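Visitor: structure for this input, please:
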Amino acid sequence: MTGFPAVTRLLPGLAAAAAAVVVAFAVHTLVPAVPLLTASVALGILVAQLPFARAWLDGPLAPGLHFAAKTLMRAGIVLLGLKLSLVDIGRLGWLAILVIVALVIATFFGTWWLGRMFRLPGDEPLLVAAGFAICGASAIGAMGSVTGSRREEQATPVALVTLCGTLAIAVLPLLQTPLGLTNLEFGHWVGAGVHDVGQVVATAQIAGPAALAIAVVVKLTRVLMLAPMVAGASLVVRRRSAGATASGRNENEGETRRPAIVPLFVAGFLAAVLLNSFVVVPAPVLAGADAVQTVLLAAALFGLGSAVRFATLVKTGARSLAVGGLAWLLVAALALAAVRFA
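Guide: Predicted structure coming up:
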């Protein structure tokens, strides 16, 4: 019974997130070009700017929205692994896989450097790098879990990756003909250069089913990089915590906040990938898991979006927008180079 009051504190925020998912699904149904996850985070950002809503978001809804942004995000990422198959990835060929891995690493550290150069505060450079290089807001939530970043710290990176990913849906198809890309090359470019899975689908489907198929496989190969990148960040955080403890600073904090080398949700993500690779999972089970995963991530992204405050964003607005725009150009340019090379 001791946990019942804590559970009841979560219910208002979780109910708000569930209602937001329903609204986002309605938007996606009416305008299929708008991915459900993009609609969810955009709705959270929009609601957070309404003066009468802020008291609720920062008050009775806060515990549930924080739970959604953190715990539901982790659960959704675990289920995201069931979309991946090592067999499908292997069909790309070793050269293409190595190029994708190199692309993720280059865009991650390039974007991180941009964030540091423009002096984004706190963990924002790392979070922006994860979002642009790997898989959008989901990667930001995953990276924020191991760095201990507050939901408010994740708000600006989520806003940037959502803005740029949404612009990609409109801009990239216009560039296919001028760049002389075939449908397969365009799909490869979209999969390598667009951030969120839903945004990849919305962008690539314009060029037809062949472009969509290759885009999804390339994108999910990038998603697989989430595990080693998050595990690497976790190891860095552990070493810093151990160093702080050894030097006598924040000893208690260093002991309590030190993350696991491989966070449990990352291990679950990898287990789901291996399960889908080596076990024949019934199609209805995969379809059900996909639906649950989409709902969980949509609720989590609404929770993250609801932490965005434009008044706060304005303080670093010019720098943040500059980093977002330059990171978008960097990822798109390197992805295009990868298409030409592979």
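Visitor: which residue ranges of this protein form strands?
Guide: With DSSP state E as the definition, the chain shows no strands.
Visitor: any idea which helix or strand in it has the lowest mean pLDDT?
Guide: For the chain, counting by mean pLDDT, DSSP states H and E, helix 251-257 ranks last in confidence among helices and strands (a mean of 45).
Visitor: mind pulling up the pLDDT for V273?
Guide: V273 is assigned 88 on the pLDDT scale.
Visitor: please disregard the earlier target; I meant G288.
Guide: G288 is given a pLDDT of 94.
Visitor: count the neighbours of it for me.
Guide: By other C-beta atoms under 10 Å, the residues close to G288 number 13. Any C-beta I mention is one placed from the backbone N, CA and C, and that applies to glycine too.
Visitor: any idea how far V281 is from it?
Guide: From G288 over to V281 the distance is 10 Å, taken as C-beta to C-beta, to the nearest Å.
Visitor: now for the top helix by length along the chain, which elements pack on it?
Guide: When the chain is scanned for its longest helix (criterion: DSSP state H), the result is helix 151-179. In terms of contacts (3 or more C-beta pairs under 8 Å, 6 or more residues apart in numbering; DSSP states H and E), helix 151-179 is packed against helix 36-48, helix 124-130, helix 136-147, helix 183-193, helix 197-204, helix 283-305, helix 310-315, helix 317-341.
Visitor: for stretch 321-329, C-alpha coordinates in CSV please.
Guide: Extracted in CSV, the C-alpha atoms of stretch 321-329 (Å, rounded to 0.1, in the frame of the first residue of the first chain):
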residue,chain,number,x,y,z
LEU,A,321,19.1,27.7,-33.8
ALA,A,322,22.5,28.1,-35.2
VAL,A,323,23.7,24.8,-33.9
GLY,A,324,20.5,23.1,-35.1
GLY,A,325,20.8,24.6,-38.6
LEU,A,326,24.5,23.8,-39.0
ALA,A,327,24.0,20.3,-37.6
TRP,A,328,21.2,19.7,-40.0
LEU,A,329,23.4,20.8,-42.9
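Visitor: and it, average pLDDT?
Guide: For stretch 321-329, the mean confidence score works out to 91.
Visitor: in that stretch, what counts as buried?
Guide: 321, 323-324, 326-328 (16 or more other C-beta atoms under 10 Å).
Visitor: same check, this time on stretch 160-176
Guide: Using 16+ other C-beta under 10 Å as the test for burial, stretch 160-176 gives 160-166, 168-169, 172-173, 176.
Visitor: pick the one among these closest to F52.
Guide: Distance to F52 across those (C-beta to C-beta) is lowest for T162, with 23.4 Å.
Visitor: do I have it right that the closest one meets S138?
Guide: No. Here T162 lies out of contact with S138, judged by C-beta atoms under 8 Å, at a distance of 11.6 Å.
Visitor: joint contacts of these two?
Guide: Shared contacts of T162 and S138 (C-beta atoms under 8 Å, 6 or more residues apart in numbering): D196.
Visitor: so what touches stretch 137-148?
Guide: Contacts with stretch 137-148, where a contact means C-beta under 8 Å, 6+ apart, come from 37, 41, 69-70, 73-74, 76-77, 80, 123, 126-128, 130-131, 133, 149, 151, 153-154, 157-158, 161-162, 196, 226, 229-230, 233-234, 237, 257, 259, 263, 265-266, 297, 300-301, 304.
Visitor: from the residues you listed, list just the buried residues.
Guide: By 16+ other C-beta under 10 Å, the contacts of stretch 137-148 give 37, 41, 69-70, 73-74, 76-77, 80, 123, 126-128, 130-131, 133, 149, 151, 153-154, 157-158, 161-162, 196, 226, 229-230, 233-234, 237, 259, 263, 265-266, 297, 300-301, 304 as buried.
Visitor: what about the spatially closest residue to L10 that is not a sequence neighbour, how many residues nearby?
Guide: Sequence neighbours aside, G64 is the residue nearest to L10 in space, at 4.3 Å (criterion: C-beta to C-beta, 6 or more residues apart in numbering). G64 has 24 neighbours, counted by other C-beta under 10 Å.
Visitor: likewise for F109?
Guide: Counted by other C-beta under 10 Å, the residues lying close to F109 total 12.
Visitor: same question, G93
Guide: So G93, with other C-beta under 10 Å, has 11 neighbours.
Visitor: separation between it and G324?
Guide: G93 is 32 Å from G324, by C-beta to C-beta.
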